[in-house]
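[1] give me a 3D structure for the following:
(one chain, ligands or ions: 1)
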Amino acid sequence: MISLAELHEVARQRLAPEHYDYFAGGAADEIALEDNEQAFRRLALLPRILPGSARRDVAVNLLGAWASMPVFVSPTAFHRLAHSDGELATARAVAAARTVLIASMAATTTIGDMAAAARAVDPDAALWFQLYLQSDTEVTDLLVRRATDAGCTALVVTVDSPVFGHHERDRRHGFTDLPEGLAAENMRDLPGGPRNIEMSPVLSWDDLERLRASTSLPLVLKGVLHPEDARLAVERGFDGILVSNHGGRQLDAVPASIDALPRIAEVVGGRVPVLLDGGVRRGTDVVIALALGATAVGIGRPVLWGLAADGESGVRQVLELLRGEFDHALALCGGRGLADLTKDLVTVRGPEV
Ligand code: FNR
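    Purely as a prediction, here's the structure:
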């Protein structure tokens with residue numbers, strides 16, 4: 001495979017149509033989904049010349065975890081729909097690539113089993129846990145405890161989902177439940193029995209404050225698009241912002257993640273890391289996002305395509321393809337390290353007048 005697009009195509013052929021559409025689809029007219037990728041194509045790089053060195057250092061510290069490149073894996077649900085090894089394969093591949101994996105609360109494997117798989121590859125594997133706050137605080141607390149016990153070193157609270165998104169592809173297929181034998185494993189062994197993951201519009205900043213007080217782990221807010229929310233998050237002492245429109249799966253009328261990034265980066269002003277996901281498919285996308293103020297970028301669907309195409313090896317290919325492309329793009333931009341990626345490298349495609 002020579003590009004993420006090729007792995008996507010193989011995955012499309014391998015997956016059952018309803019599972020492919022569950023992974024690939026977005027909300028409503030899929031405007032945000034498409035724009036996440038298109039927005040990168042509206043931007044262009046103005047490379048610098050004559051770097052004077054063949055060495056390029058791309059490792060980055062993300063809230064205490066060293067990542068070998070500024071690309072991490074965003075949380076996506078139900079990996080066992082993509083491949084029978086599911087999240088275990090993903091955890092091994094991401095550990096081998098020495099970057100951060102954000103495990104979804106909606107995984108088809110428990111966080112404990114994912115952590116064990118990652119640690120078997122690399123005892124220092126970096127694993128964060130993604131959480132939807134549940135209105136039953138006992139459930140939230142239990143999940144946080146399990147993630148902490150599993151060795152997760154940060155919590156990523158997804159805040160863009162007060163209600164479920166409308167996915168018309170799923171409705172067309174009648175895809176509402178996981179097939180027999182698969183379950184959201186983190187939600188199974190709970191007091192009172194298994195539960196569904198709940199999206200709750202009643203949650204507020206106070207609930208986040210409560211979570212803040214209940215754990216010493218760093219907290220990243222995922223799904224921030226409004227600069228004012230980014231400012232509030234920093235003022236209230238949260239540790240990171242993940243600029244994301246949920247891969248175009250929640251509110252369809254939102255901007256592409258990369259278009260929302262510059263204002264958020266400006267408001268945050270370097271006080272906490274600003275992460276981004278949505279539409280990252282090429283090394284040049286990583287360069288553009290870092291130049292516009294991201295500390296690192298996440299990939300969602302490409303990991304699912306790698307997994308569906310070839311299990312653990314497919315996910316490794318995705319990460320190594322992006323690593324290679326990013327390093328190459330950095331070289332072509334005259335960069336020696338991440339600090340060289342500054343805003344002046346990015347311009348809008350089209351003639352300058
Ligand atoms: C997601 N995403 C997501 N986010 C989250 O916080 N918790 C979750 O359980 C999921 N589940 C999920 C399932 C599927 C099938 C997709 C495609 C996405 C959103 C994900 O973390 C991320 O924001 C986007 O996928 C990033 O966009 P790209 O890289 O897919 O374009």
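[2] check contacts around the residue most central in space within the chain.
    Nearest to the mean C-alpha position of the chain, by CA atoms, centre = their mean, lies residue 74 at 2.0 Å. Taking CB atoms under 8 Å, 6 or more residues apart in numbering as the criterion, residue 74 is in contact with 102, 242, 244, 247, 277, 298, 299, 300, 303. All C-beta atoms are positioned from the backbone trio N, CA, C, and that covers glycine.
[3] skipping its backbone neighbours, what lies nearest it in space?
    residue 298 (3.5 Å; CB to CB, 6 or more residues apart in numbering).
[4] ok, the host helix or strand of the one you found: who's next to it in the sheet?
    For residue 298, the enclosing helix or strand under DSSP states H and E is strand 296-299. Sheet pairing of strand 296-299 (DSSP bridges) gives strand 71-73 (parallel), strand 274-277 (parallel).
[5] could you pull out the helices for the stretch 251-353 of the chain?
    Assigned by DSSP state H, counting those that start in this stretch, the helices in the stretch 251-353 of the chain fall at 257-268, 283-291, 301-332.
[6] could you report the pLDDT at the residue nearest to residue 167 when sequence neighbours are not counted?
    Distance criterion CB to CB, 6+ apart; nearest residue to residue 167, sequence neighbours excluded, is residue 25 at 5.3 Å. Looking at residue 25, its pLDDT is 98.
[7] so residue 25 makes contact with residue 247?
    No. Residue 25 is not in contact with residue 247 according to CB atoms under 8 Å; the separation is 9.4 Å.
[8] list residues touching both of those two?
    Joint contacts of residue 25 and residue 247 (CB under 8 Å, 6+ apart) are residue 33.
[9] compare those two (neighbour count), which wins?
    residue 247 (25 against 20; other CB atoms under 10 Å).
[10] in stretch 198-210, which residues are buried?
    Neighbour-count burial for stretch 198-210, counted by 16 or more other CB atoms under 10 Å, picks out 199, 203, 207, 208.
[11] how far away is residue 289 from the ligand?
    12 Å (CB to the nearest ligand atom, to the nearest Å).
[12] with residue 158 instead?
    Distance from residue 158 to the ligand, by CB to the nearest ligand atom: 4 Å.
[13] next, count neighbours for that residue.
    For residue 158, using other CB under 10 Å, the count is 23.
[14] repeat that for the one 5 residues further on.
    Other residues lying near residue 163 total 10 when counted by other CB under 10 Å.
[15] hmm, the one helix or strand residue 40 maps to in reach of the ligand?
    Secondary structure from DSSP H and E places residue 40 in helix 31-41. Yes. Contact of helix 31-41 with the ligand is found when judged by CB under 6 Å from any ligand atom, involving residue 36.
[16] now swap in stretch 91-108 and tell me
    Yes. Judged by CB under 6 Å from any ligand atom, stretch 91-108 and the ligand are in contact via 104, 106.
[17] which single residue in this structure comes nearest to the ligand?
    Closest to the ligand within the chain is residue 300: 2.1 Å, counting by CB to the nearest ligand atom.
[18] ok, that residue touching residue 277?
    Yes. Under the criterion of CB under 8 Å, residue 300 makes contact with residue 277 at 6.0 Å.
[19] overlap in contacts, those two.
    Both residue 300 and residue 277 are contacted by 74, 247, under the criterion CB under 8 Å, 6+ apart.
[20] between those two, who's got more neighbours?
    Between residue 300 and residue 277, counted using other CB under 10 Å, the more crowded position is residue 277 (28 against 22).
[21] near the ligand, which residues of this structure are found?
    So the chain meets the ligand at 23, 36, 74-77, 104, 106, 130, 158, 222, 244, 246-247, 249, 277-280, 299-301 (CB under 6 Å from any ligand atom).
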